[in-house]
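Okay, sequence plus prediction incoming.
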Amino acid sequence: MRRNVAAVVGGSDGSAALLAEAEAVGRGLVDAGYRIATGGGSGVMEAASRGARRATAYREGDVIAILPGVDAEAANAYADIVLPTGLGHARNGVLVCSADVVVAIGGGAGTLSEIALAWVHGKPVICLDRGEGWSAELSGRALDARRGDAVLHRAEDADAVIRLARAVCPP
């Protein structure tokens, strides 16, 4: 049985509070029945991966890292499956298209591109609004008119992210 994949996108840094929420999101998603995929780096990606590995329902293979480079050793220590792409920032498209739902946490320009790609490809996007990065800036908004009345879903904490994920893309 295939389990839905939630891509967790966000910056390679963030405040301690934001990273704690990212860890809670990773743990909550796996406990809710999702696998997670990230860009495999540090910051939000590492925190979400760490949380996923600490989930009660964790099974080997639940944490996927889709890397921009070709060096598998560049992945954070919590990744089970490491996919080096050699695509640089173009790997953002691979990450987003491999997911059933996208969760944005903080982030800079790379995260902005992942949010935009998810929007264009019709993926549901949940933005954690903790006052940091593009996820806070864009939560509750539509990027353009191509998706009718759809918006980037706003979540105020990890619990809200999990509730929204279940609603827009049941595990």
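Happy to help now that I have it. Residues are numbered from 1 along each chain as shown.

Going by C-alpha atoms from here, please, whenever you check contacts or count neighbours.
Fine.

Could you give me the buried positions within the longest helix seen in the chain?
For the chain, the helix with the greatest residue count under DSSP state H is helix 16-31. Residues of helix 16-31 classed as buried: 18-31 (neighbour count, 16 or more other Cα atoms under 10 Å).

where does this structure have low pLDDT?
1-2 (pLDDT under 70).

tell me, how many neighbours does R166 end up with?
By other Cα atoms under 10 Å, 16 other residues sit near R166.

Next, the residues that contact the longest helix of the chain from outside, please.
Identification of contacts with helix 16-31 by Cα atoms under 8 Å, 6 or more residues apart in numbering yields 6, 8, 13, 35-36, 43-45, 47-58, 62, 105-106, 130, 132, 157-159, 161-162.

What about the residues you listed, which are in strands?
Judged by DSSP state E, strands contain the following of those: 6, 8, 35-36, 105.

which one among the residues you listed gets closest to H121?
Nearest to H121 among these: A6, at 14.6 Å, using Cα to Cα.

what's the burial count for that closest one?
By other Cα under 10 Å, neighbour count at A6 equals 28.

Surely it touches A32?
No - using Cα atoms under 8 Å as the test, A6 is too far from A32 to be in contact (10.8 Å).

Is G86 in contact with P68, as I believe?
Yes - the pair G86 / P68 is scored as a contact, 5.5 Å apart, by Cα under 8 Å.

who's more crowded, these two?
P68 (24 against 14).

circling back: kindly reformat the buried residues of helix 16-31 as CSV containing distance to H121.
As requested, those are exported to CSV (distance: Cα to Cα, whole Å):
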residue, distance to H121
L18, 27
L19, 27
A20, 29
E21, 26
A22, 24
E23, 26
A24, 27
V25, 23
G26, 23
R27, 26
G28, 25
L29, 22
V30, 24
D31, 26
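
Out of those, which comes closest to P170?
L29 (11.0 Å).

how close does that closest one sit to E73?
25 Å (Cα to Cα, to the nearest Å).
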